[in-house]
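K.L.:
Task: produce atomic coordinates for the following.
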Amino acid sequence: MSKASKISPATLPPTDLYERDYYTWTQEQARALREHRTEELDWANVAEEIEDLGKRGKARLAQPTRPTTQLPTQVRIRARGHVGQ
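P.N.:
Numbering: from 1, shown residues only. The predicted model follows:
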């Protein structure tokens with residue numbers, strides 16, 4: 001077993017954790033933010049993720065939506081008269 005595989009994800013430096021275990025990285029970064037532990041933040045990757053989140057949100061708002069895709073399936077089925085007859 002290599003030395004790297006013995007290290008738990010939470011003990012990796014934040015930049016290494018970002019590459020190896022993204023989910024754990026997100027949880028560790030959120031915890032550090034909530035607890036105001038700024039010395040533990042992976043500033044470069046946090047900034048990049050926030051920018052990407054904004055870009056995805058902007059792109060989603062720019063896409064045309066069809067009202068029927070926004071309604072739950074049961075509402076659409078009932079509106080067509082297929083349920084309860």
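
K.L.:
Helix or strand next in line after the helix or strand of the chain with the lowest mean pLDDT, which one?
P.N.:
Each helix and strand of the chain was given a mean pLDDT (mean pLDDT, DSSP states H and E); the minimum falls on helix 3-6 at a mean of 47. Remark: after helix 3-6, the chain's next helix or strand is helix 14-20, criterion DSSP states H and E.

K.L.:
Now stretch 17-25: average pLDDT?
P.N.:
Mean pLDDT, stretch 17-25: 95.

K.L.:
gap between the two ends of that stretch?
P.N.:
In stretch 17-25, first residue to last residue: 6 Å (C-alpha to C-alpha, to the nearest Å).

K.L.:
how far out from the middle of the chain is it?
P.N.:
Distance of stretch 17-25 from the chain centroid (C-alpha atoms, centre = their mean, to the nearest Å) equals 12 Å.

K.L.:
what sits up against the helix or strand where Tyr23 lies?
P.N.:
Assigned by DSSP H and E, Tyr23 belongs to helix 22-34. Identification of contacts with helix 22-34 by C-beta atoms under 8 Å, 6 or more residues apart in numbering yields 9-10, 14, 17-18, 37-38, 40-42, 45-46, 49. C-beta here means a position set from N, CA and C on the backbone, and glycine is covered the same way.

K.L.:
Distance of Asp16 relative to Leu53?
P.N.:
In this view, Asp16 and Leu53 are 22 Å apart by C-beta to C-beta, to the nearest Å.

K.L.:
Same drill for those two, tell me which one is more crowded.
P.N.:
The neighbour count for Asp16 versus Leu53, taken as other C-beta atoms under 10 Å, is higher for Asp16 (15 against 10).
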